[in-house]
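> model this:
(one chain, ligands or ions: 1)
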Amino acid sequence: MDSKRRILIVGGGTAGWLAAAYLARSLGLPDNKHVEITLLESAEIGIIGVGEGTFPTIRNTLKFLGIEEARFIRETSATFKQGIRFTDWARTPDGDDHHHFFHPFEAPFYAEGAELVPYWLLQDELTRPPFAEAMTIQNRVAEAKRAPKRPDESDFSGPLNYAYHFDAASLARVLAGRAAELGVRHIEDLLEGVETDGERGIARVLTREHGPLEADLYVDCTGFRAELIGRALGEPLKSIRSILFTNRALTCKIPYASTATPLESYTIATAHEAGWTWDIGLRGARGIGCVYSSDHLSDDRAAEILRAYVGAAADDLPFRRIAFDPGYRERQWVGNCVAVGLAGGFLEPLESTGVVLIEAAITMIAELFPHSGPIDAPARRFNQLIAARYDNIINFLKLHYCLSQRDEPFWRDNRDEASIPERLRELLEQWRYRPPGRFDFILDLESFAFFNYQYILYGMGFRTDLSPGRGDFPNVRAADRIFARIRSFGERATQDLPSHRALIDQINEEP
Ligand code: FAD
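Residues are numbered from 1 along each chain as shown. Below you'll find the predicted structure:
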């Protein structure tokens with residue numbers, strides 16, 4: 001009897017190639033002859049090719065895959081990302097509309113014996129520094145256009161937490177190269193049909209040139225087309241548009257005026273009348289995209305907003321329009337088919353969670369993988385965990401919108417109670433009296449920690465009133481000393497760390 005497990009991944013975008021390389025690596029290929037992985041993709045259809053922002057989890061993933069950091073940076077036009085700067089989302093305490101705040105990747109400085117957050121909350125609102133600036137040195141480092149690491153630091157590590165901005169199409173190529181080294185078989189062909197087999201799920205997929213292909217597990221990475229999980233198996237997409245309203249993006253790439261232009265090491269997310277605009281500095285160009293709700297903004301008005309944002313460089317520049325349906329499939333593993341990436345769902349890119357969700361799915365598939373026995377054994381658990389993760393990210397994204405005091409209809413609608421999930425409403429009520437803490441969340445179901453919530457809440461001007469219990473926080477002087485230390489470390493770090501542009505250029509000049 002042939003006891004081999006055959007995995008067929010359909011789709012060769014970030015999801016397909018990441019799944020291929022990750023599963024090959026975790027299941028011990030190419031030495032493990034018990035498992036065979038094939039990836040089918042069609043150049044005719046191509047990949048979505050957007051998704052330039054990531055989250056620090058990508059470093060562990062790339063390291064696990066055995067990809068060298070400098071090579072990855074060179075081949076994907078990558079730059080370092082230390083967080084997101086939100087512009088025009090909220091007002092400063094004195095009412096300035098052009099407020100900005102930083103969501104750094106670095107956790108707030110943690111001091112034994114003096115939890116700093118309450119002491120920041122108890123300071124005078126009008127004179128205290130912004131939350132992220134008070135709590136970490138990363139804000140200062142990023143604003144000074146410094147890199148999060150030095151050139152001599154080992155791969156994927158540095159004094160500050162970081163992720164990358166990169167060119168999505170190049171990433172798929174790097175991953176494809178690594179997957180090939182790990183023994184993944186590659187078929188370029190068009191999937192033209194899928195035969196199903198009741199409870200089992202997929203019987204076989206039909207390709208134009210390679211005929212029928214059969215496997216034990218089918219991984220649907222066909223993007224928004226969702227050929228297997230959606231079209232063939234009919235699993236519905238649960239729309240979350242009543243919570244997160246954006247459903248379109250207009251994108252473009254703008255070359256730099258000069259090769260010496262300083263590089264930002266954060267994504268800039270600028271709010272506009274019915275959504276926001278991303279601005280991402282890759283090595284050779286800026287990737288810019290206007291995200292909006294088609295119920296609140298016409299495509300023409302979105303183009304005007306994007307043109308106004310980009311300025312003269314946008315003259316005659318073609319924009320690409322991408323429509324999306326925000327939501328996810330509640331069952332992403334059905335029978336012998338599991339969806340990864342856009343085929344499973346998509347939440348707008350405000351916190352760059354596309355790749356994060358792919359990483360979560362492939363880690364679970366690898367760890368829950370049934371080496372023998374029924375292939376769908378992990379399905380229930382997988383579906384519970386992935387749906388909870390989507391729901392939690394939805395709450396985190398909604399937080400950015402529902403706290404804003406902007407006055408346009410899109411923003412007013414976002415504050416409508418009915419659009420705010422109950423769990424988030426409940427937490428917001430509690431956080432009026434205490435800051436978010438680790439017991440608010442179950443770690444394995446979360447992509448964001450309590451401090452990510454703190455950065456957004458206090459960046460947006462949310463008030464947690466600790467003043468009636470001020471006496472519970474007597475270590476004011478000790479806390480002030482730590483705040484001063486964070487400030488001086490930050491100033492020193494802006495001197496010690498190389499400029500972001502210089503480090504990226506140096507990495508690219510190496511052989
Ligand atoms: P795709 O890239 O669409 O790949 C689908 C694959 O399936 C292709 O290879 C295609 O050829 C193949 N295929 C489809 N049908 C067939 C067929 N019939 N036969 C053979 N092959 C087929 N994520 C982030 O992490 N950060 C971001 O900043 C970010 N920004 C985004 C902005 C926008 C506007 C959008 C829409 C998405 C963004 N994402 C972001 C999400 C990110 O783009 C995706 O998660 C990621 O690219 C994975 O896509 P995918 O591989 O699932 O799909």
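> what's the span of stretch 208-226 from first residue to last?
Using CA to CA, to the nearest Å, one end of stretch 208-226 lies 18 Å from the other.
> and stretch 183-192, C-alpha only, in PDB?
The C-alpha trace of stretch 183-192 is given here as PDB (Å, rounded to 0.1, in the frame of the first residue of the first chain):
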ATOM      1  CA  GLY A 183      12.100  19.500  -3.200                       C
ATOM      2  CA  VAL A 184       8.700  21.100  -4.000                       C
ATOM      3  CA  ARG A 185       7.600  20.000  -7.500                       C
ATOM      4  CA  HIS A 186       6.400  22.900  -9.700                       C
ATOM      5  CA  ILE A 187       3.800  22.700 -12.400                       C
ATOM      6  CA  GLU A 188       2.900  25.700 -14.600                       C
ATOM      7  CA  ASP A 189      -0.500  25.100 -16.000                       C
ATOM      8  CA  LEU A 190      -4.100  26.400 -15.800                       C
ATOM      9  CA  LEU A 191      -6.600  24.700 -13.500                       C
ATOM     10  CA  GLU A 192      -9.700  24.400 -15.600                       C
END
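> For that stretch, buried residues please.
Gly183, Val184, His186, Ile187, Asp189, Leu191 (16 or more other CB atoms under 10 Å). For every residue, glycine as well, the C-beta is placed using N, CA and C.
> Quick check: strands, which of the residues you listed are part of them?
His186, Ile187, Leu191 (DSSP state E).
> can you list the residues you listed in CSV and add distance to Gln123 and pLDDT?
CSV is the format used below for these (distance: CB to CB, whole Å; pLDDT from 0 to 100):
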residue, distance to Gln123, pLDDT
His186, 58, 98
Ile187, 61, 98
Leu191, 59, 98
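> Also near the ligand: which of those residues, exactly?
Leu191 (CB under 6 Å from any ligand atom).
> Among the ones in strands among the buried residues of stretch 183-192, which one lies nearest to the ligand?
Closest approach to the ligand among those (CB to the nearest ligand atom): Leu191, at 3.4 Å.
> any idea how far that closest one lies from Leu39?
According to CB to CB, to the nearest Å, Leu191 and Leu39 sit 12 Å apart.
> Please apply the same query to Gly373.
25 Å.
> These two: which is more packed in?
Leu39 (26 against 7; other CB atoms under 10 Å).
> pLDDT score for the closest residue to the ligand within the stretch 51-200 of the chain?
Nearest residue of the stretch 51-200 of the chain to the ligand (CB to the nearest ligand atom) works out as Gly51 at 2.9 Å. Looking at Gly51, its pLDDT reads 83.
> so it, which of the three states?
Gly51 falls in the coil class when you classify it by DSSP: H, G, I helix; E, B strand; the rest coil.
> Contacts only, for it.
Thr14, Ala168, Pro349, Ser352, Gly354, Val355 (CB atoms under 8 Å, 6 or more residues apart in numbering).
> Just give the closest residue to the last one, not the sequence neighbours.
On the basis of CB to CB, 6 or more residues apart in numbering, the spatially nearest residue to Val355 that is not a chain neighbour turns out to be Thr54, at 5.3 Å.
> what's the answer for the second one, then?
With CB to CB, 6+ apart as the measure, Gly51 is the residue that lies nearest to Ala168, at 4.6 Å, once sequence neighbours are left out.
> And that neighbour, its phi and psi?
phi 110, psi 80 (degrees, to the nearest 10).
> Surely Gly13 touches Gly341?
Yes - in this structure Gly13 lies within contact range of Gly341 using CB atoms under 8 Å: 6.5 Å.
> what number of residues lie near the residue of the stretch 401-511 of the chain found nearest the ligand?
For the stretch 401-511 of the chain and the ligand, the shortest gap (CB to the nearest ligand atom) falls at Ser447, measuring 10.9 Å. With neighbours defined by other CB under 10 Å, the count for Ser447 comes to 18.
> which residue packs closest to it, ignoring adjacent ones?
Excluding the flanking residues, the one nearest Ser447 by CB to CB, 6+ apart is Val356, at 5.0 Å.
> Might you calculate how far whichever helix or strand the one you found is part of sits from the centre of the chain?
Val356 belongs to helix 354-368 when assigned by DSSP states H and E. Distance of helix 354-368 from its chain centroid, counting by CA atoms, centre = their mean, to the nearest Å, is 13 Å.
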